[in-house]
Structure formats: structure tokens, C-alpha cells
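Q: Provided below are the primary sequence and the corresponding predicted coordinates.
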Amino acid sequence: MAAREGTVIQDGRRASLTLGRLIKSGGAGSVFLIRERPLEVAKLYHPGVDTRVYERKLRAMLELSPDLPDVQEKGVRHVQIAWPTGLLQERGGRFIGFSMPVLDIAATSDLEHVLQERQARAEGLPTTLGAKATLAANLAVMLAALHRRQHYVVDLKPLNVRFYRKSLFIAMLDCDGFSIQGEGERFPAGQVTTDYLAPEFQLHGVKPGEEEAQDRFALAVMVFQLLNAGLHPYSGRPQGANLPSDLPGRIASHLYAYAVSGNSHILPSPVSGHQGFPAPLRGMFDRAFSQRPLQRPTASEWGALLQGYARRSAGQLVKCGKDGTHQHFAGLPCAACARKSLLSKAERATRSHAPRRANAGKKRPRAAAAHGAVTPAPLRNVARGAAAPPAAQPAAAAPLGPGARVLFAAVGPLLLGWVMGWGMPAYRAYHAAADPGWREAMALGVQGGLLLLGALLFVLFVPVLVTSKRP
């Protein structure tokens, strides 16, 4: 079915629905508004997609919906997850897609944009540690609700998770791509991202029954990034030439640099604030990134811990005394201040080693040879508009007079043409023996070419040599 605006379809009760404006089109299907239901949208699968599998998967999702109701805050409805609400079909009864709640995309941003403070500030996104702890806690709570129904995201990464900018609630989309538990059947997820893929899955991927271990790992990576200025837990400074430089390779090699006991193969990034994390938080990260996958904290464990940091009444996050825009964990140094100081020193060092530029329009002092002063050599990078002093030139030969230049312009092209044509008679005689017709054609071509070359050289040399000035 080629769906477009105005097409009439049916829901599971055979009620007619009219498609509204197209709002999104992806690899599997397209999303349309529904004119009769302003709070819902329709996702219709493209022709060629195996709708038989999707129909069974969608029925399983409807039977085991997670406990993630819409949130009402100050009269505004926040859809936490775009979970299916019903099946859709053609008038003939063939399954073509499903309906789901409308999610206000314009009011949301993806977590990728909040990880880097400079980008977040430019887009008006939250940058404080408290806001990021809240985002991490809300993400963990949502995953815990999905895991209780044995549903798993698998391709969990900041770019796939959105949040409401004002309330910081999480908003999840594309749920039909999750790994879904059906009645006696597991519907696997089709995508993974290697930068967020657990070490044991880097080679063979995630198999059915292993999905929760992958979600636990990816959640821990995202929490680390949120609380540590976007830094990936497997970034750092390798202590060996043979160690992998890419994130998937480091994950597979267990090169986690921020453990309490450290790692002899890789050092932490200098801008990391992990030493400003409280002991329970560092312990959770050590469990998540150890070589024993069964020890990884569950989403419920992360939710309980992070909610304690995010809740203002708990007092576990305090305002920095040096910079009111910073927050840090109570009783521990401000990681944001340390990072800011380190970056400022690096910036000053860069400026001090940058090549100096001459000031345009500023006169240079005269050389005072009588007082022993030495005139400095001209800089390599000269400011636009400032003239560098001329460098010493070797003695030049006496310039040609105007008469000599005219004579050379007239005779030079003829002499050059004669030199180029000197060997042609023998060349033509050689080929004429093998091909008699070639002789006449070649002779005409050579003569015309020499005349054209001589004229061209005459036109080019005369203006240059006649109008050139003496040095």
C-alpha cells in the first residue's frame, strides 16, 4: 500500500481513519498524523517489509506494555514512550502498521546534544550536574520498566534517546525496533552501535537471551558520559604502541581507565572528573566495566542510586563556592572547576606558543648600529597590510636595454621554432618508408604547428619584454 495524506485506513475495530500530514519517514515505515485522533499518529510500513513478523511483534507489545504512563506537569502532557496503542489495516483487513501516542518532538532534544557543555549552552540545554543526574536517573527508571516486561532497547545510545528540555523527562521513540518478548517467541532487535556495545558482544553481536546484559552496559556508558562532561569511559591515554586507538577495540580489550584500582595499560583523560565522584558511584562504574558481565548493575540499581543524587532534598549535590554555575558532589572537589582550570592553562600555553603576528601600520624602529642594536629578521607570518623589510639579494647582472629586448622578442620565437623543427625531416623520412601517405599529411601538420607556435610565442614575449621596467 502506497500511503499518503488523505488515504483512509482502519483500526483493529474496523473504524475508518484518515491519514493526515506526513511527519517522518524512515527505513521501515512512515509516520502520519491521524485526522480523527489528534493525540495519535500512524506508522505504516513500506511495501516490501515483512509485515507478518511485525504483526506478531506488535501484538506481543500490546499484550506486554511497560508501566510508563503519560506525565501531566503544569497542564502539559508528556509522552514518555511512543508505545503502540493498536494495529492498523487496509480496508480489506491486511495489517499495514500501528498507532501510537503523539510525542512533541519540537519540545525535545536528544541526549547527544547535552553531553558537550559548549554545544549545550549554545542550544540552551541544561549543563549543571544536577540536571544531568536527573536525566540519568529518568533514563534508568524507564529502562527498568521495560526490563520488567523483558523488553530491551539493545541499540541504546545518546542519539536514540530524547528528553523534554523543560521537565527533563525521557522520551523514547521507535519502540518497534526493540527486542520484544512475545508468547513463546523473542523478536530480536536489528541494530547495534559498537561504541556502546559490551565487550563480550563486540565480535559476535547480541544473541537472544543476552539483551539485558547489553542494555546494562550501554546504560552505564551513558551515565558515565552524562556525569563526566561527555567523556566516554573507554577514552584515555594508552600506555603502549600496540593498544587499540578506537573505542570498540578498547572496549573489547577492557581498557577502562577510571577504576578505583586504575589500569596499567591506559591512563585517565586529564579532563576527567571521576575522582570527584562519591565512592558508591565509582563502585557502580567499576562493576559495570569489569570483566565479569554478571556483576553489572541493573537499571533498577542505577535508578535508585541516581535518584538520590538528583533529588534536591537529599543534599548530595551542592553549589560550587567559586563558581555559582557549577555543582559538585557534597564533600568532594568541584570537577567542573578543575576541568575549567586545566583547559584555561592549555589555552594559554597554546597562545604563548603561537607565532607572533606583525602589527599592521606600526612603524619598525630604525637600526641603531652605533649603539650595537641588531635589526630583527622579518617574521614568517606577517599581518595583512604590514610590509616586511626586503631580504638581501645577490648581485644581479646588468639589465638588458630596450633594443636588446625587442631583438630577443623578434628572433627568439623563430630560433625556438627552428630548433623544434630540426629533427623533423629525418623523422618524416623514416615514417614515409612504411606509410607513403603519412609523409604529406605529416609535413602539412608540422608546418602549421610551427607557424602557430611561433606566432603564440611572439605574442607572449613581446609585451613582457618591451614593457618590463628596470629593477
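A: It's in.
Q: switch to C-alpha atoms for all contacts and neighbour counts from now on
A: Fine.
Q: show residues contacting stretch 3-11.
A: 16-22, 32, 44, 86-91 (CA atoms under 8 Å, 6 or more residues apart in numbering).
Q: and which of those residues is nearest Phe187?
A: Leu87 (17.3 Å; CA to CA).
Q: SS state for the closest one?
A: Here Leu87 is recorded as strand under DSSP: H, G, I helix; E, B strand; the rest coil.
Q: need the phi and psi values for Asp110.
A: Here is the backbone geometry of Asp110 (degrees, to the nearest 10): phi -90, psi 160.
Q: tell me how many other residues surround it.
A: With neighbours defined by other CA atoms under 10 Å, the count for Asp110 comes to 20.
Q: what residues does the closest residue to it other than its chain neighbours make contact with?
A: Spatial nearest neighbour of Asp110, chain neighbours left out: Arg162 (4.0 Å); criterion: CA to CA, 6 or more residues apart in numbering. Neighbour list for Arg162: 108-111, 170-173 [criterion: CA under 8 Å, 6+ apart].
Q: surely Arg162 is in a strand?
A: Yes: under three-state DSSP, Arg162 falls within a strand.
Q: for Leu103, see how far away it is.
A: Using CA to CA, to the nearest Å, we find Arg162 at a distance of 10 Å from Leu103.
Q: spit out the residues that contact these two alike.
A: Ala171.
Q: picking that back up, can you say which of the contacts of Arg162 are buried?
A: 108-111, 170-173 (16 or more other CA atoms under 10 Å).
Q: now these in JSON lines, with pLDDT?
A: What follows is the buried ones among the contacts of Arg162, written out as JSON lines (pLDDT from 0 to 100):
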{"residue": "Thr108", "pLDDT": "96"}
{"residue": "Ser109", "pLDDT": "96"}
{"residue": "Asp110", "pLDDT": "95"}
{"residue": "Leu111", "pLDDT": "96"}
{"residue": "Ile170", "pLDDT": "97"}
{"residue": "Ala171", "pLDDT": "96"}
{"residue": "Met172", "pLDDT": "96"}
{"residue": "Leu173", "pLDDT": "94"}
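Q: is it true that Leu267 touches Pro233?
A: No: Leu267 lies out of contact with Pro233 (CA atoms under 8 Å); the separation is 11.3 Å.
Q: can you check which residues contact both of those two?
A: With CA under 8 Å, 6+ apart as the test, Leu267 and Pro233 both reach 257-258.
Q: beta partners of the residue nearest to Asp110?
A: Asp110, Ala171 (DSSP bridges).
Q: for Glu112, see how far away it is.
A: 9 Å.
Q: again, but for Gln307
A: 21 Å.
Q: again, but for His265
A: Taking CA to CA, one finds His265 at 29 Å from Glu112.
Q: look at these two and report which has more neighbours.
A: Taking other CA under 10 Å, His265 and Glu112 do not tie; Glu112 has more neighbours (19 against 15).
Q: now do the contacts for that one.
A: 158-159.
Q: and the pLDDT at it?
A: The model reports Glu112 with a pLDDT of 96.
Q: which regions of this protein lie under the pLDDT threshold?
A: Applying pLDDT under 70 to the chain flags the ranges 1, 353-471.
Q: what's the domain layout of it?
A: With domains defined by automatic domain parsing, the chain comprises 1-103, 104-341, 402-467.
Q: whichever strand in the chain runs longest: which residues count as buried?
A: Ranked by residue count under DSSP state E, the longest strand found in the chain is strand 16-25. For strand 16-25, a neighbour-count test (16+ other CA under 10 Å) marks 17-20, 22 as buried.
Q: same question, stretch 118-138
A: The neighbour-count check on stretch 118-138 (16+ other CA under 10 Å) flags 120, 125-138 as buried.
Q: span of it from start to end?
A: End-to-end span of stretch 118-138 (CA to CA): 23 Å.
Q: show residues contacting that stretch.
A: Counting by CA under 8 Å, 6+ apart, 113-114, 117, 163, 165, 168-170, 222-223, 226-227, 302-307, 309-311, 317, 325-328 sit against stretch 118-138.
Q: what about these, which are in helices?
A: Within these, residues falling in helices by DSSP state H are 113-114, 117, 222-223, 226-227, 302-307, 309-310.
Q: gap between whichever helix or strand comes after the longest strand of the chain and the chain center?
A: With elements assigned by DSSP states H and E, the helix or strand that comes after strand 16-25 is strand 29-34. Here strand 29-34 shows a centroid-to-chain-centroid distance of 28 Å under the convention CA atoms, centre = their mean, to the nearest Å.
Q: what lines up beside strand 29-34 in the sheet?
A: Applying DSSP bridges, one finds strand 29-34 paired with strand 16-25 (antiparallel), strand 40-45 (antiparallel).
Q: using a markdown table, please lay out those strands together with distance to Val71.
A: As requested, the strands paired with strand 29-34 are arranged in a markdown table below (distance: least, CA to CA, whole Å):
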| stretch | distance to Val71 |
| --- | --- |
| strand 16-25 | 23 |
| strand 40-45 | 16 |
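Q: so which residue is dead centre in the chain?
A: Centre of the chain computed as the mean C-alpha position; nearest residue by CA atoms, centre = their mean is Glu112, 9.2 Å away.
Q: may I ask which two of the contacts of Arg162 are separated the most?
A: Once CA to CA is applied, these give Leu111 and Leu173 as the farthest pair, at 13.1 Å.
Q: now the common contact residues for the two.
A: 160-162.
Q: what's the closest of these to Pro66?
A: Looking across these and measuring by CA to CA, the closest to Pro66 is Val161, at 16.8 Å.
Q: show me the contacts for the closest one.
A: Shown in contact with Val161 (CA under 8 Å, 6+ apart): 110-111, 170-173.
Q: now do Thr18
A: 5-9, 34-36.
Q: mind putting the residues you listed in CSV, secondary structure, distance to Ala241 and neighbour count included?
A: As requested, the contacts of Thr18 are arranged in CSV below (DSSP: H, G, I helix; E, B strand; the rest coil; distance: CA to CA, whole Å; neighbours: other CA atoms under 10 Å):
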residue, secondary structure, distance to Ala241, neighbour count
Glu5, coil, 58, 14
Gly6, coil, 62, 13
Thr7, coil, 61, 13
Val8, strand, 63, 16
Ile9, strand, 61, 21
Ile34, strand, 58, 23
Arg35, coil, 61, 16
Glu36, coil, 63, 12
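Q: what is the nearest of these to Gly273?
A: Ile34 (47.7 Å).
Q: thought the closest one was touching Leu19?
A: Yes: with contact defined as CA under 8 Å, Ile34 reaches Leu19; the gap is 5.0 Å.
Q: which residues do these two both contact?
A: Common contacts of Ile34 and Leu19 (CA under 8 Å, 6+ apart): Ala42.
Q: convert the C-alpha atoms of the longest strand of the chain to CSV, please.
A: Extracted in CSV, the C-alpha atoms of strand 16-25 (Å, rounded to 0.1, in the frame of the first residue of the first chain):
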residue,chain,number,x,y,z
SER,A,16,-12.2,4.4,9.5
LEU,A,17,-9.2,6.7,10.0
THR,A,18,-7.9,9.3,7.6
LEU,A,19,-4.2,9.9,7.2
GLY,A,20,-3.0,13.5,7.8
ARG,A,21,0.3,15.1,7.1
LEU,A,22,3.5,13.0,6.7
ILE,A,23,5.8,13.9,9.7
LYS,A,24,8.5,11.3,9.4
SER,A,25,9.8,8.6,7.0
